[in-house]
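Novice: sequence and predicted structure below; questions after.
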Amino acid sequence: MSSLVQSVDWLAVAPPTVVAVVGLVVLVADLFVAESRKPLLGWIAVAGLAASTLLLLPLLDADRSTFCLVGDTEVCSYTADRFTLVIQLLVLGGALLCALLSVTALKDSGKRLPEGEYWFLFLSSAAGAALLPASRDLATLVVALEVASLPAFALVGLRHGDRRSSEAALKFFLSSVTATAVSLLGISFVYAATGTLHLTRVAERIQHVDGQLQTLAQTGVVLTLVGFAFKTAAVPFHFWVPDTYVGAPLPVAAYLSVIGKAVGFSGLILVTVVALPSYADAWAPALAVLAALTMTVGNVGALRQQSTRAYSAVRLLAWSSVGQAGYLLVPIAAAGYSDDPEKQIGSTLAYALMYGAVNLGAFAVAALVGRAHRLNRVADYRGLYAASPLTALLMGFFLLCLAGLPPGVIGLFAKVTVFAAAVDAGLGWLAVVMAVNVVIALVYYLRWTALLFRAPETAPEGAATADAAAARRLPAPLTAALALTGVLGIALSGAPQLVLRFTETGLF
Amino acid sequence: MIDINESVMQFLLAFLVVGPLLGAAAALLPAPPGLKGKSPDQAVLRHGVTVTGMILAAAIVLALGFDHHHPSRMQATTDISWIPALDVRIHLGTDGISLPLLVLTALLTFLSALYSYFKPPAGPSPKAFVALLLVLESGTLATFAVLDLILFFLAFETVLIPMYFLIARWGGEGRAEAAWKFILYTLLGSVVMLLGLLLTGIKAGTFDMVALATDNGRSLSVSVQVIAVLAIGIGLAVKTPMWPLHSWLPDAHTAAPTVGSVLLAGVLLKMGTYGFVRILLPAAPDGFRTFAPYLAAFAVVGIVYGSLACLALARKGAKGDLKRLIAYSSVGHMGFVLLGIATMTPTGVNGALFANVAHGLITGLLFFLVGGLKERTGSTDLDALAQETGAALYGRAPRLGGLLAFAAVASLGLPGLAGFWGEMLALFGAFDPADGLSRPAFLTFMSIGAFGTLLTAAYLLIVVRRVCMGAAPKDTPAYADVRSYEFAAWTPLVVLTVVAGLWPKALLGLTDPAVQQLLAGGIR
C-alpha cells in the first residue's frame, strides 16, 4: 500500500508553505502578545516573507514537481519551474515591500487597524498568491485563487468605522465572487468535457472532445477565462478598482495593484497557454481586444483625474494600474498567435517585474506623502523636490519608468519587449493602439512629475508645518521600501537583461 | 589628421556620450570645497561650462584623430553586448556623416553653456538647468554616435524630458502649452517610429545599423520595407519637422529660452534628418523609393509654406514674433534637407547633410542674436521693435545690427556663406534624381524649391530692413552693443559659417565618401 503515500518535495512547496505557517503563528501569537508589543507581529511577518523569498534560491537549479499522479508521474499538481519561480519572486518580493509599508501604516493608524488580524489576512493572501503560479490543475488553481482573494476582501474593509472602506470591500467582494462563480461553472464544464483537471491533460483531451460535448467545452473555456480576466482588472471587470484602492488602507491598495495583478495574469497564462493552447484562435483575439480596451479605459480614466480631488493620487495610481494591466495582457494575446508562446509570456513576466518594483516604489512615496497630507491629492505633491529632493527624484524616476521614458530606461525597455511581442505576432493594430496609449499615459505621468519640481505653494499654516515636519522624519520601514525599490529600478535600468532574459529562456 | 591610438578614440567617443551624464549627476550634488565660487548658482553654471568644454575638446580631438582618408569607414567603434535578450548591443562609432554633427552638437552646447554662465536664464535655480542641459547633450550626442536601432530610439527619447523641462520651466509666455505640444507630438511620432524599428529589426534579424546597411534591405520584403519606412519616417518627420507635422515647432521656439531655441534648432532637428540618412536610406531602400516622391512633395510644400508664413509674419502690422519667424524659416530650411534626401542621389544627400550643419550654425546664431535683442529691447515683436520706420539697429547698436544682417544673409543662402551649398546641392540633386524616381516630378519640385529660395530672400531682407534700418529718433538711448561674452559665444558660429561657405570641401570631403557607400549599400 506504499503507493498511496505520496512523498512530498517539501523544498519545492516551501515558499508558500512558510508564508502560510508564519500567518498562523502570527494569529496565535496575537493572543499572547501584550498590547505594547504588537509591532513585533509585523516584524515576524516581514521576516517570514523575507525567509520565503530566500527559499526560492535553492529551487533555481532544476524544475521540481510534487503531488504527482500515482500512475503517471509526469502529471503533477504542483510544479516549481522557472515560470513559477519568477511569479513567486514577484509575489513574495512584492508582499515583502507591502509589508514594510504596512508596518508604518499600522503604527500610524493608532488602534483603528487590528494588527493580529491584519497580518494573518495579509500573509494568508500572500500564501495563496504564491501557490497559484505553481498549481497545475484547475482545482488547485481555484483554491489558490480564492485563498488569495478572500483575505483581500477583508483587508480592504478592515478599517473600523470607515464607511468608504466597508463599501469598497463590499463592491470588491460581490464582483469578485460573481466572477469566481462564473469561472467555477466554466471549470466544471471543462471537467465534464475532458474528464480531467490537470492542465496538461486538459490540453491533450480538449482537442478530441466528443462532438456532442463541443459546445459544452467551448462555453467552459469562455467562462473560465472570464473569471481570470476579472482578477487582472481587465475591462469590463475593472470598475471595482478605483473605489477599492481608495477605500483600502494604502499598503493594501499597493498589494492589490501588484500581487492582485500577478495572481490574475499568471492564472490567465496557465489557463490559456498551458491548458488551452488548442483554443488559441478563440482566446487570443478575445484577449487582444480585452487588452486594447483595458489599456484605453484605464489610461483615459487616469487622464480624467483632477489633481485637487481628495485621494486623487491613489485614484490615479489605481486607474493607471488598469492601464498597465492592459499592457500585461498584450504578450499573452500575442502568445496565441505565436509558435513559441514562451517567448511572449517572458515579455509579460519581464514587464510585470518592472511594474512591480516601480509601482510599489510609487506607492511607497504615496504612503510617505500621505502621512503629512491625509487627503493624498496629486496637488499635495507640488514642491516635493523642495521639501525632500531625494524622494522627489525617486518619485519622478518611478513615474517616468511607468511612462516608459528615459531616464526610466527599464520602463522603456519593458515597453519595447511588449511592443516587440505584438509586432512579432503580427498584431500591428494592437501595437498602434498601445502606442497611442503610451502617449495618453505620458500626459498624466508627466503632469505629476512636473508637479514634483514646481515651487511649493504658499507656506502652510503653523500647525500644518509642525505636523509636516513630524511626518517628514522618515520611518525606517518606509525608507527601506523606498531604498529597495529605488535600487531595483536603477539597477534594472543599468542592466535590463536581468529581467528581460526571461524572454529568451524556456519557462515551463 | 593626427595619429591617435584606436582605443583612445574609442574612449573619446564613449566619453562624449557618458561624460555629460556624469556631469549632470555631479551638477545636482553640492559643489566640492575649492570649487564653490561666488555663489552656488555661479558654481553650477561654471560646472556646466567646464563639462561642455571638456566634451567639446574631446569632440575636437576625435575629429582630429579621425582618419580623413577613409571617412566612409566606421571609426572609434565599440561593440559590447548589453541586453542579449533583445539583441541590443552598445555599438558606438562615427563616420563622415555623423562626425560633423557630433562636433556641431558639442560646439553649440558649449556656446549655450558659456552664454548662460554670463546671462543666467530667468527662472528657477540654474542647478536643474545645467543638469538638464547636460542630459540633453548626452542624448543628442548618443543619437549621432550609436549604431543600434534600439539604442537610437533610447537616445532619441532621452532628449524629450530635458527639453520639456527647459521649455516649461525657463520659457517665456505660453510655455506650458508649448512644452506639452512639443513632447506629445514628438512622443507620438517616436512610438510609431519604435514600431517601425522593431518591425525592421525583427524581420531582418538584427538591430545593428551597420549590418542592416550592409544588407541594404535584401532580407526585407518590399511590403515590410514600405510599412517600416512609413512608420519610422513619421517619427523622424515629426522631429525634423516636415510639413504638415511641424506645428509644434513655432510654439516651442517662441516659448523656449534662448539657449533652448538654439539647441532645438541647431541640434534636435538634425536628429530627424540624420535618422533618414542613417537608417532609412540604407536599410530600406525599396520602401524609401516608394515614398521618396511624397517626401519630396511635402518637402517643397514645406519650403514654400515656411517662406509664406514668414512673409506674413514680417508684414507691417502682423504682430509677427521674430522667434516664431525664425522657427517657420527652419521649416523651410529643413524642407531643403528633406528634398535632398528624397532624391536618393549622392549629390542630394550630401547637400542635405551640408544644409543640416549650415542650418545648425546659422539658425543657432540667429536665435542667439534674437535672444540678445530681446534682452535689450524687451520684445521680439517685429511691430513693437520696428514701430513706424524701423528699429534702426545699425544706428543704435551697430555691431549687433551688423551680425543680425550677416546671419540673415547667410540664412537666405548667399553664395560664399554656409547656407548656399546645401540648398544648391539639394536642388541640383532634384534635377537628376536616382533611377526609379520620376524625373519630371522632381524637376517640378526643383523649380518650386528654387522659387522658395526667392521667397526666403524676400522675407529675410524685409526683416533686415525693419530691424536694422530705419530712422533712429534722436532722443532714444542707444542699446548696449555686443558684449565680450556675446562675442565669445557668437564668433565661432560666424567664423564657421564663413569657412563652410568658402571651403565646402572641408565638410563635403567627409560626407561624400560615406554617402556614396551608404547609397551603394553598406557601411564598412
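Specialist: Arrived safely, thanks for sending.
Novice: A:Gln497 contacts B:Ala85, correct?
Specialist: Yes - contact criterion C-beta atoms under 8 Å: A:Gln497 and B:Ala85 qualify, at 5.9 Å. For every residue, glycine as well, the C-beta is placed using N, CA and C.
Novice: which of the two has more residues huddled nearby?
Specialist: B:Ala85 (21 against 18; other C-beta atoms under 10 Å in any protein chain shown).
Novice: give the contact list for that one.
Specialist: Counting by C-beta atoms under 8 Å, 6 or more residues apart in numbering or on different chains, B:Ala85 makes contact with A:346, A:350, A:417, A:496-497, A:500-504.
Novice: now the residues you listed in CSV, with distance to chain B, secondary structure and pLDDT?
Specialist: Formatted as CSV, these follow (distance: C-beta to the nearest C-beta, whole Å; DSSP: H, G, I helix; E, B strand; the rest coil; pLDDT from 0 to 100):
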residue, distance to chain B, secondary structure, pLDDT
A:Gly346, 8, helix, 89
A:Ala350, 8, helix, 91
A:Thr417, 7, helix, 90
A:Pro496, 5, coil, 88
A:Gln497, 5, helix, 87
A:Leu500, 4, helix, 85
A:Arg501, 5, helix, 84
A:Phe502, 8, helix, 80
A:Thr503, 5, helix, 76
A:Glu504, 5, coil, 76
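Novice: hmm, who's touching stretch A:131-140?
Specialist: Outside stretch A:131-140, the residues within contact range by C-beta under 8 Å, 6+ apart are A:12-13, A:16, A:65, A:76-80, A:83-84, A:87-88, A:91, A:141, A:143-145, A:147-148, A:187, A:190-191, A:197-200, A:202, A:224, A:262-263, A:266-267, A:270, A:274-275.
Novice: restricted to buried residues, select those residues in ChimeraX.
Specialist: Buried members of the contacts of stretch A:131-140, defined by 16 or more other C-beta atoms under 10 Å in any protein chain shown, are picked up in ChimeraX with:
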select /A:12,13,16,65,76,77,78,79,80,83,84,87,88,91,141,144,145,147,148,187,190,197,198,199,200,202,224,262,263,266,267,270,274,275
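Novice: could I get the pLDDT score of residue 232?
Specialist: Since you didn't name a chain, this refers to chain A. What the model reports as pLDDT for A:Thr232 is 69.
Novice: that's the wrong chain, I meant chain B
Specialist: pLDDT, B:Ile232: 94.
Novice: could you say which helix or strand holds it?
Specialist: Using DSSP states H and E, B:Ile232 sits in helix B:222-239.
Novice: centre of the chain to that helix, how far?
Specialist: Its chain's C-alpha centre and that of helix B:222-239 lie 21 Å apart, by C-alpha atoms, centre = their mean, to the nearest Å.
Novice: what of stretch B:487-501?
Specialist: Offset of stretch B:487-501 from its chain centre (C-alpha atoms, centre = their mean): 16 Å.
Novice: and the contacts of that stretch?
Specialist: B:107, B:111-112, B:114-115, B:354, B:357-358, B:361-362, B:364-365, B:368-369, B:403, B:406-407, B:410, B:415-421, B:482, B:506-507.
Novice: what helices and strands are in contact with the helix holding B:Ile232?
Specialist: Applying 3 or more C-beta pairs under 8 Å, 6 or more residues apart in numbering or on different chains; DSSP states H and E, one finds that helix B:222-239 contacts helix B:175-204, helix B:269-275, helix B:285-314.
Novice: give me the average confidence score over the helix or strand that comes right after the second one.
Specialist: What it means is helix B:269-275. Note on helix B:269-275: by DSSP H and E, the next helix or strand toward the C-terminus is helix B:281-283. What helix B:281-283 shows for mean pLDDT is 89.
Novice: tell me which residues of the helix holding B:Ile232 are tucked away?
Specialist: Across helix B:222-239, burial judged by 16+ other C-beta under 10 Å covers B:224-239.
Novice: which of the residues you listed lies closest to chain A?
Specialist: Relative to chain A, the closest of the buried residues of helix B:222-239 is B:Ile227; by C-beta to the nearest C-beta it sits at 8.0 Å.
Novice: SS state for the residue most central in space within chain B?
Specialist: In chain B, the centroid-proximal residue (C-alpha atoms, centre = their mean) is B:Val267; its distance is 3.0 Å. At B:Val267, secondary structure determined by DSSP: H, G, I helix; E, B strand; the rest coil is helix.
Novice: so which of the contacts of stretch B:487-501 are in helices?
Specialist: Those of these mapping onto helices are B:107, B:111-112, B:114-115, B:354, B:357-358, B:361-362, B:364-365, B:368-369, B:403, B:406-407, B:410, B:418-421, B:506-507, per DSSP state H.
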